[in-house]
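Need coordinates for the below:
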Amino acid sequence: MKRVTVKVSKIQGKGVYALENIKKGEIVLEINDSHAVKDPSKLTKYQHEYECDYLADGKIVLMQPPERHINHSCDSSTYVKTIEGKRKVFAMKDIKKGDEITYDYSINGYNDGTFDCHCGSKNCRGVYQGNFFKLPKDLQIRYLPYLDNWFVKEHENEIDRLTRKH
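As a prediction, this is how the structure comes out:
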């Protein structure tokens with residue numbers, strides 16, 4: 001059964017919304033990673049910034065609907081984990097029918113991209129920071145359980161330093 005739909009968002013453009021109540025820890029949707037980008041130079045700037053996902057070992061995927069429309073929020077309702085080779089979006093907290101599904105793009109992020117954030121959450125940081133390790137340390141610690149395995153493996157030393165300090 002389809003658990004989400006795409007419609008106009010208060011945050012930006014289109015967003016993904018729950019069609020039913022979803023409990024913390026449940027799978028919201030499975031991500032379609034079948035559109036691997038073989039030649040990134042052929043992508044538009046818009047595609048690079050808004051439609052691509054950058055994964056392990058430099059793999060780039062052109063995201064498909066509905067996941068392409070999951071907006072950023074500093075008070076995210078979901079996270080992504082790879083289970084048995086498939087990336088899945090999991091509920092980070094209980095999500096009510098009609099709620100917009102959001103994701104903190106900084107989780108599993110390792111780039112220098114930034115943009116002004118207008119997510120509207122009470123915890124809004126004002127600026128999206130594309131590099132997980134540039135987030136406030138307390139937030140990095142809180143997000144540790146939500147990091148994908150490939151990210152933990154690729155950034156083992158940074159994560160080890162982070163966890164040794166706490």
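
pLDDT averaged over stretch 88-97 - what is it?
With pLDDT averaged residue by residue, stretch 88-97 scores 98.

Just the CA atoms of it, as PDB, please.
These are the backbone C-alpha positions of stretch 88-97, laid out as PDB (Å, rounded to 0.1, in the frame of the first residue of the first chain):
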ATOM      1  CA  LYS A  88      14.700   3.000   2.800                       C
ATOM      2  CA  VAL A  89      13.100   6.100   4.500                       C
ATOM      3  CA  PHE A  90      12.200   5.400   8.100                       C
ATOM      4  CA  ALA A  91      10.100   7.500  10.500                       C
ATOM      5  CA  MET A  92      12.300   9.200  13.100                       C
ATOM      6  CA  LYS A  93       9.200   9.900  15.100                       C
ATOM      7  CA  ASP A  94       5.500   9.300  14.800                       C
ATOM      8  CA  ILE A  95       4.000  10.900  11.700                       C
ATOM      9  CA  LYS A  96       0.300  11.700  11.500                       C
ATOM     10  CA  LYS A  97      -1.800  11.300   8.400                       C
END
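
List of residues touching that stretch?
18-31, 67, 70, 76-82, 101, 103, 146 (C-beta atoms under 8 Å, 6 or more residues apart in numbering). (Glycine included, C-beta is placed from N, CA and C.)

Just the buried ones from these?
When the contacts of stretch 88-97 are checked for burial by 16 or more other C-beta atoms under 10 Å, the buried set is 18, 22, 28-29, 31, 67, 70, 76-82, 101, 103, 146.

Tell me if Arg68 really is in a helix.
Yes - the assignment for Arg68, made by DSSP: H, G, I helix; E, B strand; the rest coil, places it in a helix.

so who does it touch?
In this structure, Arg68 makes contact with Tyr50, Glu51, judged by C-beta under 8 Å, 6+ apart.

give me that answer again for 7 Å
Under the criterion of C-beta atoms under 7 Å, 6 or more residues apart in numbering, the contact partners of Arg68 comprise Glu51.

again with Val127
With contact set as C-beta under 7 Å, 6+ apart, Val127 has these partners: Thr114, Asp116, Cys117.
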